[in-house]
Structure formats: structure tokens, C-alpha cells
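Novice: The sequence and its predicted three-dimensional model are supplied below.
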Amino acid sequence: MIYAANWKLNKSPDDAKRFAQELLTHSSQLENDQMILFPQALAASSLAESLRGSSIKWGLQNCYSKDSGAFTGENSLSVAQGMGASYVLVGHSERRSLFAEASGFLAEKNAYAQKLGVTPIYCIGETLDQRKNGQTRSVLIEQIHRGMGLSSKSLPFVIAYEPVWAIGTGQVATPEQVAETHLWIQEILKDFGWPELPLLYGGSVKADNAAVLKKIKNVDGFLIGGASLEVSSLLAIRDAE
Ligand code: PGA
């Protein structure tokens, strides 16, 4: 299973270092799983230093689709890669809603990350209104077709399904909703000529709902926000069965 910790705009460089040191004391428990930590960019250097030589990976929460140039305020994924980053979150719903990032723009980031050799974790998911109106499948089709339209089907790519209404709300999608939607995503990918891809679920994942979610076919891991901020709650999700 993949456990991706999205720390959002939390954790200073010192916090990130402390977290990594604590997590590394449990590294023998993590051998069969992939842990990926997503710090804010300013804490990346400290985290990278702390994780050096370990099997725990890290990545940026966002990137731009160019190495360098006149792009004020952006972060360079190629610099992060040089520091050891191997993943990047693309199109998290907070990027889509708060920073107006649309699927066409995200397509460039996905393709760019792949070209560098950094694996994109492309986030997709519907809002509550879209689900209530029966638009979930068509929203996912648009997000997949447009957002992945420039990407290579033969390079590593991960999708995180995160229903917007479940993020940070404590309202986790039901196992039936996750199972149905993950099946739709694999069907949409197939129709679009893609192979099956690793699929993460995200949205209020906690130790007390993780065991049920893990048993669902097509759930290959989790993207975890709030419950990833403490080593104990992250490991409790890993240990839930
Ligand atoms: P949450 O966040 O686990 O706090 O709901 C998930 C995410 O935003 O990736």
C-alpha cells in the first residue's frame, strides 16, 4: 500500500525533521509499504536531509511546468528532484478551487513531471453538488481526459481520488461509493487507452475507517491530510486491519 502524507501549509523545517526522525524509528514496520511525505516547499530541504538513505520518499505539493525562468513565486520541480524528490501532487482540490488551476493547466504539470522522472500523483474528484446531481462520472472523465492528455501512458503515474466534500470534513465516502468510483476510474482509463494505474483514496482517512477502505478492490493506498500530521496517527492508519 501507498501512504501519502499531505501536510499542506503545516510543519516548519524543524517540525519536518522531527517527524522524519520519529518515523524512521519505525522503519522496520514500513518495509512492505511505500510512505511518501509532502512537506511545504520551505521544509523540503530539511526533510530531504533527514530521510537521506531511507526508503521513505517525499515530494512537492505542487509544481510549475518549467525548470526555471520568469515565473515569480513558483517552485522548481527539477531543483526538488535534485534534492531527492520523487513524487509531486498535481491538481489537489485546494489548488483547483483556491488557486483556479484547471485540468488543461494541470496536464502540462503531469507531463512535465513524468518527463523529469518524477511521478505525478494526480488528484481528481467531484464536489458535493456534482455528486448530488449525478455528475461524478462526467467530472472524472473531464479531469482524466484533459488533465492526462499530454502524459505518457508508459511512464509511472498515480491517481488520487479525493471527493471534495470528504476532504478535511470528517465525512468519509462510504465503502460503496469508493468501490464504485474507483471502478469507474479504471474504466475511464481503459477507454482512454491507459493501463490500470495505482489508485489512492483521499478524504478524511483515519485509523478508524482505514481498515474497511483497505479491503476495497482498486484501493492501492491513501492520500492523508489531517491524520498525517502526527507519526502516531499516520502509523495507526498503516496498522489498521
Ligand atoms: P484530509 O485531507 O485527510 O484532512 O481530509 C486529504 C487531502 O486533502 O489530501
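Specialist: Perfect, thanks for sending it. Model, not experiment: these values are computed from the prediction.

Novice: Now name the helix or strand holding the residue of the chain most remote from its centre.
Specialist: What lies farthest from the middle of the chain is A70; by CA atoms, centre = their mean that is 27.4 Å. Secondary structure from DSSP states H and E places A70 outside every helix and strand.

Novice: now swap in the one 10 residues further on and tell me
Specialist: When elements are assigned from DSSP H and E, A80 belongs to helix 77-82.

Novice: contacts for that helix?
Specialist: Residues outside helix 77-82 that contact it (CB atoms under 8 Å, 6 or more residues apart in numbering): 41, 44, 59-60, 63-64, 67-68, 85, 88, 112-113, 116-118. Every C-beta, even on glycine, is put in place using the N, C-alpha and C of the backbone.

Novice: Check stretch 26-41 too.
Specialist: Identification of contacts with stretch 26-41 by CB under 8 Å, 6+ apart yields 1-11, 16, 19-20, 23, 47, 51, 54-61, 75, 80, 86-87, 89, 121, 221, 228, 231, 234-235, 238-239.

Novice: Just the buried ones out of those, please.
Specialist: Buried residues within the contacts of stretch 26-41, counting neighbours by 16 or more other CB atoms under 10 Å: 1-8, 11, 16, 19-20, 23, 47, 51, 56-61, 75, 80, 87, 89, 121, 221, 228, 231, 234-235, 238.

Novice: Give the burial count for the residue of the chain found nearest the ligand, as a bare number.
Specialist: Closest approach between the chain and the ligand, counting by CB to the nearest ligand atom: G225, at 2.2 Å. Using other CB atoms under 10 Å, G225 has 22 neighbouring residues.

Novice: With adjacent residues omitted, what lies nearest to it?
Specialist: Closest residue to G225 apart from its sequence neighbours, by CB to CB, 6 or more residues apart in numbering: N6 at 5.0 Å.

Novice: Show me what the one you found bridges to in the sheet.
Specialist: Following DSSP bridges, N6 is listed with bridge partners F38.

Novice: distance of E176 from A240?
Specialist: 19 Å (CB to CB, to the nearest Å).

Novice: out of these two, which sits in the more crowded spot?
Specialist: More crowded of E176 and A240, by other CB under 10 Å: A240, with 16 against 9.

Novice: Y3 versus the more buried one, what's the distance?
Specialist: Counting by CB to CB, the separation of A240 from Y3 is 11 Å.

Novice: Take the buried ones among the contacts of stretch 26-41 and keep only those in strands.
Specialist: Judged by DSSP state E, the buried ones among the contacts of stretch 26-41 include 2-6, 57-60, 87, 89, 121, 221 as members of strands.

Novice: Could you tell me which residues of this structure lie near the ligand?
Specialist: 6, 162, 167-168, 202-205, 223-227 (CB under 6 Å from any ligand atom).

Novice: contacting residues around E74?
Specialist: 63-64, 66.

Novice: Pick the one among the residues you listed closest to W184.
Specialist: C63 (27.5 Å; CB to CB).

Novice: Report pLDDT for the closest one.
Specialist: Note for C63: predicted pLDDT of 97.

Novice: Neighbours of the residue lying closest to V219 once chain neighbours are set aside, how many?
Specialist: Counting by CB to CB, 6+ apart, V219 lies nearest to Y201, which is 5.3 Å off, once chain neighbours are set aside. Burial of Y201 is recorded as 31 neighbouring residues (other CB under 10 Å).
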